[in-house]
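Colleague: below is the structure, and that's it, no one-letter string:
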């Protein structure tokens, strides 16, 4: 992260509308986003494999738990949104 540079993401609580967590619909990144999901590291790795078509356990997508499939989709959508926001911030500066 550049010294002095500020990066923001859409608030996950209110989805950009403004709430008690963020005030203006966005949150400043004050460190590495991966630090926020330390406990989810293995899930993130499995989700990356899942997004590439590699199932975390034997069997096809229909045999995966609904929670895993939904969580993987949520994580992939969130990662995509963060990348788009980062790219927009890079273009604006």
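Modeller: Now that the structure is in, tell me what you want to look at. Every value quoted in this text rests on a predicted model; they were computed, and no experiment measured them.

Colleague: switch to C-alpha atoms for all contacts and neighbour counts from now on
Modeller: Will do.

Colleague: domains in the protein, as residue ranges please.
Modeller: Annotated domains of the chain cover 1-31, 34-92 [automatic domain parsing].

Colleague: what packs against the host helix or strand of residue 83?
Modeller: Using DSSP states H and E, residue 83 sits within helix 66-92. Judged by 3 or more Cα pairs under 8 Å, 6 or more residues apart in numbering; DSSP states H and E, helix 66-92 is in contact with strand 7-10, helix 41-51.

Colleague: tell me the most buried of those?
Modeller: strand 7-10 (a mean of 18; mean count of other Cα atoms under 10 Å).

Colleague: report all helices and strands that that one contacts.
Modeller: For strand 7-10, the packing partners by 3+ Cα pairs under 8 Å, 6+ apart are strand 26-29, helix 66-92.

Colleague: buried residues in the first one?
Modeller: For strand 26-29, burial by neighbour count (16 or more other Cα atoms under 10 Å) applies to 26-27.

Colleague: name the helix or strand for residue 22, please.
Modeller: Under the criterion DSSP H and E, no helix or strand holds residue 22.

Colleague: that one is in contact with residue 9, isn't it?
Modeller: No - judged on Cα atoms under 8 Å, residue 22 makes no contact with residue 9 at a distance of 10.4 Å.

Colleague: number of nearby residues for residue 77?
Modeller: Other residues lying near residue 77 total 12 when counted by other Cα atoms under 10 Å.

Colleague: alright, I will stop here.
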